[in-house]
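**Student:** Give me a 3D structure for the following:
(2 chains)
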Number of protein chains: 2
Amino acid sequence: MADDNTKQRGRSVVSKAVSLLDAFSLTAPELSLNELAQRTELPLSTAYRLASELVDWGGLERADGAGYRIGLRLWEIGSLSQRATTVRDVALPFMQDLFLATEENVHLAILNGQEALYVEKITGRRSVRVKSRRGGHLPLHATGVGKVLLAYAPPELFDQLVQAGLKRHTPRTIVAPGQLHRALEEVRQTGVAYAREELTPGVLSVAAPVFDAKEQVIAAMAVVLHSTRADLKRLAPAVRCAAISTSRSLREHPLAMNDLAS
Amino acid sequence: MADDNTKQRGRSVVSKAVSLLDAFSLTAPELSLNELAQRTELPLSTAYRLASELVDWGGLERADGAGYRIGLRLWEIGSLSQRATTVRDVALPFMQDLFLATEENVHLAILNGQEALYVEKITGRRSVRVKSRRGGHLPLHATGVGKVLLAYAPPELFDQLVQAGLKRHTPRTIVAPGQLHRALEEVRQTGVAYAREELTPGVLSVAAPVFDAKEQVIAAMAVVLHSTRADLKRLAPAVRCAAISTSRSLREHPLAMNDLAS
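**Tutor:** Sure, this is the predicted structure:
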């Protein structure tokens, strides 16, 4: 077999197949067979054989050119992820209401490893263009939703982030651990997090925690807007209100997922 | 090996692993190991071994009970599916605008096999509860978006649906092929499709086609509302307008996906 060399020994077929899927990203939504083989460190023949099986299944699709891309079947199955979709489905009407009230970007993010994963994003034609994308990650210390998620996470996470180094994204990013620590303490006291041009110049956000039925923070909701339109303190009650409504809805309907599937 | 029996012979490891993922659905978001083994016709030991590999990867997660569910990693990767997300991302602001204007459910669906696949759904607190769910399928002949997708699909699809039999969902479902044929002809002439309590009693919809840069219909957008609030003909221009705006945006930005990833 082509893959019977030292590097491949010990890798299972499943781990090879999923490494093909892992090769794709927001910045690389389409890959040629060569690129796939390179990124997965698989022999070309193995990459081709496994990619063909994934195409047969629908998890990969042939792109218009010569390459491959993620297939519709994976999107369908991924939509079943309860961690991403339960809170999203319960939150969506309240996010809509918040959007109706503000006409600004409304974001929902959950904690994923050491980053904020954006599970939903409501945006209007006049909303400011921002870096976040549904399915994308942004740093915890430089975003409103990230500060909320970090403030209510186990303290080890803060230590890990500090140890890895707080990356500066703009002149206003908080990179001093002590300053971030105080900011998070304020988030816990007030139930609101602000980010002021800390990731992108000209962009501000107000975020609030969403609690599940066990009173654990499972998500953060935020309004994200252009600095010229900003009156952050005035927006805070609206964001908190929508987050609290979502929390209450999750508490009242702990099986919301199944309920919504009807 | 436990899976070295007649039934398993000829099934590759990849096909066995993806059959575990395929076992989950909107109505079965959580499955025990026994259920997984049964649904995939795999020996318990094989199902366990492959499920464990998928858990290590993040494609499956242990549920709170003893079972498994689809993992966050699959949701992340699925979000990269361009067929589901490109048109969704471009359409979303216009769907928002349509929601702002109507405060009713706004749906976006694409053709997937012989059904309509719902890729996005905007809903407010006062919107009527409907059967559709993001990631879910509904029949083409009984929904507004379905009629649009069917009207612009190759004629073979119509023949296949008729041959399979047009299922009656309510007393008002169109089940006569001739009647459906005439309805689709009208959709092509007017650019609008109506569904009047044809899937769910009390629910109406108005749908319009979304065209890609090659002037092919790639999606259908609809407003779905309660029959007591309905003035379908009055809503049609708003739905068409949002669909046309989306089509223009897709035409102007054929690489919208990459653009939005920035």
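
**Student:** Report the contact partners of A:Ala236.
**Tutor:** A:Val192, A:Val206, A:Ala208 (C-beta atoms under 8 Å, 6 or more residues apart in numbering or on different chains). Any C-beta I mention is one placed from the backbone N, CA and C, and that applies to glycine too.

**Student:** hmm, 7 Å instead?
**Tutor:** A:Val192, A:Val206 (C-beta atoms under 7 Å, 6 or more residues apart in numbering or on different chains).

**Student:** cool, A:Phe211 as well?
**Tutor:** Per C-beta under 7 Å, 6+ apart, neighbours of A:Phe211: A:Val217, A:Ser247.

**Student:** Torsion angles phi and psi at it?
**Tutor:** The phi/psi pair for A:Phe211 (degrees, to the nearest 10) reads phi -100, psi 150.

**Student:** And A:Tyr118, by the same measure?
**Tutor:** phi -80, psi 110.

**Student:** Apart from its neighbours in sequence, what residue is nearest A:Ala230?
**Tutor:** A:Leu204 (4.8 Å; C-beta to C-beta, 6 or more residues apart in numbering or on different chains).

**Student:** if I've got this straight, that neighbour is in a strand?
**Tutor:** Yes - judged by DSSP: H, G, I helix; E, B strand; the rest coil, A:Leu204 forms part of a strand.

**Student:** Identify the bridge partners of it.
**Tutor:** A:Arg196, A:Leu225 (DSSP bridges).

**Student:** and it, how many neighbours?
**Tutor:** By other C-beta atoms under 10 Å in any protein chain shown, 25 other residues sit near A:Leu204.

**Student:** Name all residues that make contact with it.
**Tutor:** A:Ala195, A:Arg196, A:Glu197, A:Leu225, A:Ser227, A:Ala230, A:Leu232.

**Student:** for the third one, phi and psi?
**Tutor:** Dihedral angles phi and psi of A:Glu197 (degrees, to the nearest 10) take the values phi 50, psi 40.

**Student:** Quick check: it vs A:Thr170, distance?
**Tutor:** Distance of A:Glu197 to A:Thr170, given as C-beta to C-beta, to the nearest Å: 6 Å.

**Student:** Counting neighbours, go ahead and name the busier of the two.
**Tutor:** Ranked by neighbour count (other C-beta under 10 Å), A:Glu197 and A:Thr170 place A:Glu197 first, with 18 against 14.

**Student:** pretty sure the more buried one is touching A:Val224, no?
**Tutor:** No - look at A:Glu197 against A:Val224 with C-beta atoms under 7 Å: they stay out of range, at 11.5 Å.

**Student:** Now the spatially most central residue of chain A: which helix or strand?
**Tutor:** Nearest residue to the geometric centre of chain A (C-alpha atoms, centre = their mean): A:Leu117, 1.5 Å. Using DSSP states H and E, A:Leu117 maps to strand A:115-122.

**Student:** on contacts alone, who are the packing partners of the helix or strand just after that strand?
**Tutor:** Counting by DSSP H and E, the next helix or strand C-terminal to strand A:115-122 is strand A:137-139. Strand A:137-139 sits against strand A:115-122, with contacts defined as 3 or more C-beta pairs under 7 Å, 6 or more residues apart in numbering or on different chains; DSSP states H and E.

**Student:** quick check: angle from the strand it packs on to strand B:115-122?
**Tutor:** When axes from the mean of the first three to the mean of the last three C-alpha atoms, to 10 degrees is applied, the directions of strand A:115-122 and strand B:115-122 differ by 100 degrees.

**Student:** re earlier: identify the contacts common to A:Glu197 and A:Val224.
**Tutor:** With C-beta under 7 Å, 6+ apart, A:Glu197 and A:Val224 have common neighbours A:Val203.

**Student:** Nearest residue to the residue of the stretch 101-250 of chain A found nearest chain B in space, please, no chain neighbours.
**Tutor:** Closest contact between the stretch 101-250 of chain A and chain B, by C-beta to the nearest C-beta, is at A:Gly135 (2.9 Å). Nearest in space to A:Gly135, with sequence neighbours left out and distances taken as C-beta to C-beta, 6+ apart, is B:Ser79 at 2.9 Å.

**Student:** Please name the residues that touch the one you found.
**Tutor:** A:Gly78, A:Arg134, A:Gly135, B:Thr85.

**Student:** pLDDT of the strand holding A:Leu117, averaged?
**Tutor:** Averaged over strand A:115-122, pLDDT sits at 92.

**Student:** Also stretch A:98-112?
**Tutor:** Rounded mean pLDDT across stretch A:98-112 is 91.
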